[in-house]
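Q: Generate coordinates for the sequence data below:
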Amino acid sequence: MSETIQQKRQRLKAFRDQLKAGRPQLGCFSALPSPGFVEALGHSTLDFIIIDTEHGPASIETAETLLRAADAAGTNSFVRVPANRPDMISAMLDCGAAGVMVPMVETVEQLDIVRDAMRFAPTGRRGVAPNTRAGAYGFLPMADFMAWGNEDTVMIGQIETVRAVENVEALLAHGVFDVAFIGTNDLSTSMGLPGQVSHPDVMKAVDKVVATAAKHDIPVGSVAVSIEMANDWVQRGVNMVTLSSMIGFRAYDQQAAEVRKTAAPAP
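A: Alright, predicted model coming up:
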């Protein structure tokens, strides 16, 4: 196996081990199709980056460039695909993603589609193309390429609707999830409480997902829009915490306000 991919597998294994041990792993979404921005994030102390093609404009070709930038900086990089589409899932894995995040997972039938797109036979039905970036353009031995796809690649499924919460026991028992990621914006909207992500009913649903995931030894993730929210997630047993870009944007806004206040001329 090439040294570069061996290092990538070791980083991913460490990430998975930390999650399983209950140690918080902090990362962020990147919806901006900028390799420089992704590379800069990769040089930070964040543990992972999720390239967002559901709510961002990146094409498959652009996503591959962003994954290359993340790898250059030495960080774990996943892709949130726009939907549960086998062609998108397998394409992002061929581009070199360490895993995919699949939105709106609600049924075990949908999970079967995800598994088939992610895993090679006999586990799934992913097409074998070792000449892609994921296979080091053909330089990765076939056995290592197959093992990378079937043993290491991470499936992050989003639990973000009432139906998903109702089905959470069956979903997490199905053996496809590596991380159960709670999308509170969509969940609260699905519950008729749009934007009320901290509403007691939403938190009750969240706690049900966390408890069910713990029963099946599956790590849980979610988004935090503030440092306080990130700390609350960790206390609730959510240890894959994705920090919202709004935290950084608000920090710039606050700093600008302070500078303007300080620099304001005396009356």
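
Q: ok, now how distant is the nearest residue to residue 37 once chain neighbours are set aside from residue 73?
A: Nearest-residue entry for residue 37: residue 30, 6.5 Å, with adjacent residues in sequence omitted and distances by Cβ to Cβ, 6 or more residues apart in numbering. C-beta: built from backbone N, CA, C; applies to glycine. Per Cβ to Cβ, to the nearest Å, residue 30 is found 12 Å from residue 73.

Q: same check, this time on residue 12
A: Counting by Cβ to Cβ, the gap from residue 12 to residue 73 is 15 Å.

Q: who's more crowded, those two?
A: Under the neighbour definition other Cβ atoms under 10 Å, residue 12 and residue 73 were set side by side, and residue 12 has more, 20 against 16.

Q: isn't the more buried one right up against residue 74?
A: No - if you go by Cβ atoms under 8 Å, residue 12 and residue 74 don't touch, sitting 11.7 Å apart.

Q: for the stretch 151-267 of the chain, what are the low-confidence residue spans?
A: Across the stretch 151-267 of the chain, residues meeting the criterion (pLDDT under 70) sit at 246, 264-267.

Q: Okay, strands next: where are they in it?
A: In order along the chain, the stretch 151-267 of the chain carries the following strands (DSSP state E, counting those that start in this stretch): 154-159, 179-182, 220-224, 240-243.

Q: Please tabulate these in CSV and include distance to residue 25 as additional columns.
A: CSV is the format used below for the strands of the stretch 151-267 of the chain (distance: least, Cβ to Cβ, whole Å):
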stretch, distance to residue 25
strand 154-159, 11
strand 179-182, 10
strand 220-224, 8
strand 240-243, 5
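
Q: Please spell out which residues along stretch 241-259 are buried.
A: 241-245 (16 or more other Cβ atoms under 10 Å).

Q: That should have said stretch 60-77, apologies.
A: By neighbour count on 16+ other Cβ under 10 Å, the buried set for stretch 60-77 is 62-71, 73, 75-77.

Q: about what we covered before: give me the common contacts of residue 30 and residue 73.
A: Common contacts of residue 30 and residue 73 (Cβ atoms under 8 Å, 6 or more residues apart in numbering): 38, 41.

Q: Show me where the chain has its helices.
A: Secondary structure of the chain by DSSP state H: the helices cover 3-20, 35-42, 60-73, 86-94, 108-118, 142-147, 162-166, 168-173, 184-190, 200-215, 227-235, 245-263.

Q: Identify whichever of the ones you listed lies nearest to residue 54.
A: helix 86-94 (9.8 Å; Cβ to Cβ).

Q: And for the closest one, what's in contact with it?
A: By Cβ under 8 Å, 6+ apart, the residues outside helix 86-94 that reach it are 53, 60, 63, 79, 81-82, 100, 102, 113-114, 116-118, 126-127, 129, 132-134, 149, 153.

Q: Please apply the same query to stretch 236-248.
A: Contacts for stretch 236-248 (Cβ under 8 Å, 6+ apart): 19, 22-31, 46, 48, 50, 156, 179, 181-182, 206-207, 210, 214, 219-227, 230, 233-234.

Q: The same query, at a cut-off of 6 Å, please.
A: For stretch 236-248, contacts defined as Cβ atoms under 6 Å, 6 or more residues apart in numbering pick out 22, 24-29, 179, 210, 219-225, 230, 233.

Q: Can you get me the start-to-end distance on it?
A: Stretch 236-248 has an end-to-end distance of 24 Å (Cα to Cα, to the nearest Å).

Q: gap between it and the chain center?
A: In this view, stretch 236-248 has its centroid 11 Å away from the chain centroid, taken as Cα atoms, centre = their mean, to the nearest Å.

Q: Stretch 32-44 now?
A: 16 Å.

Q: how much space is there between residue 151 and residue 39?
A: For residue 151, the distance to residue 39 - Cβ to Cβ - is 28 Å.

Q: contacting residues for the residue nearest to residue 37?
A: 38, 49, 51.

Q: Any of those buried? List them.
A: 38, 49, 51.

Q: Using a markdown table, lay out the residues you listed together with pLDDT.
A: Shown next, in a markdown table, are those (pLDDT from 0 to 100):
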| residue | pLDDT |
| --- | --- |
| 38 | 95 |
| 49 | 97 |
| 51 | 97 |
